[in-house]
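Chemist: what follows is a predicted protein model with its sequence.
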Amino acid sequence: MELGFYRTPLSRRTRSARLPALLLGATLALCVTVPVWAARPDGEAPAPAEGGSVTLHQALPQLVARAVGRNPLSEFDLLPAEQVPPPPAAESSTTAVNDSEVMPAESPGHAAEALNTLFPLPALLAMGMLDVPYVRGGTSTSGVDCSGLVAYAFRQAGLQVPRTVREMFTRVTPVALDDLLPGDLVFFKVRNNTVSHVGIYIAAGRFIHAPRTGKFVTFANLNNPYWKKRIVSGGRVLGAVRDQLMPW
């Protein structure tokens, strides 16, 4: 049965106030064309290190970081060492891309427009929750569990979803893993051979989730052996992916 929803309007002031958080979170997902992370017990990414060349698709996070006055790549575990671009020079008005190509600094409005083209609002809101601690039963910026992160992101986007993993799993429209789109849900069996974990698909095999007690909201890779062994299926909420999304 397809999951129904209710959409509540977002005021211009509310959308404007959320812009920095959306930009900080969403820029991280733009650099998803990276090698598969080495297997770890919980399938999480290793911490990044400095260094490496900057390519065109890697430059956009720098531009957005400049717009909001900080470098988000230094805070979250997403990129391997060879693909983390250096922070932009404070006095420079351009960002190096290749030996023969430069890009001018973008305004927050242009960056937000680019991100809105790539990612639906629930995915952006979830990425804005990166580094929020895992709290069992949590559904706010103070802490979330796996289904709490999904509930928070979708409800802030005006889409009503069930609170528990099991309810979400039984009410979404099933989606084959090869057909996943940004904003789809991904479900896993992590204990007792039952569907007990959920995340939000971002792109290129990456999803965002709240792992467990003692951890923080982070990205993970569906191709990591830990998650590949436990994934059950994808699921779609009406209005939550780009080809179904209402304007905002």
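Modeler: Cool, got the structure. Numbering: from 1, shown residues only.

Chemist: give the buried residues for the helix or strand hosting Tyr226.
Modeler: For Tyr226, the host element (DSSP states H and E) is helix 225-230. Neighbour counts over helix 225-230 (16 or more other Cβ atoms under 10 Å) mark Tyr226, Trp227, Arg230 as buried. To be clear about C-beta, it is placed using only N, CA and C from the backbone, and glycine gets the same treatment.

Chemist: what do you get for stretch 206-217?
Modeler: Arg206, Phe207, Ile208, His209, Ala210, Pro211, Phe216, Val217.

Chemist: avg pLDDT for the helix holding Tyr226?
Modeler: Across helix 225-230, the average pLDDT comes to 95.

Chemist: columns distance to Thr170 on top of the buried residues of helix 225-230, output as CSV?
Modeler: Supplementary listing: these in CSV, determined by distance: Cβ to Cβ, whole Å:
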residue, distance to Thr170
Tyr226, 25
Trp227, 21
Arg230, 18
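
Chemist: and those residues, which is closest to Tyr152?
Modeler: In terms of Cβ to Cβ, no member of the buried residues of helix 225-230 lies closer to Tyr152 than Trp227, at 21.6 Å.

Chemist: gap between that closest one and Thr141?
Modeler: 25 Å (Cβ to Cβ, to the nearest Å).

Chemist: quote the end-to-end distance of stretch 131-141.
Modeler: 10 Å (Cα to Cα, to the nearest Å).

Chemist: go on, stretch 187-200?
Modeler: Span of stretch 187-200 from end to end, Cα to Cα: 9 Å.

Chemist: pull out the buried positions in that stretch.
Modeler: Phe187, Phe188, Val190, Val195, Ser196, His197, Val198, Gly199, Ile200.
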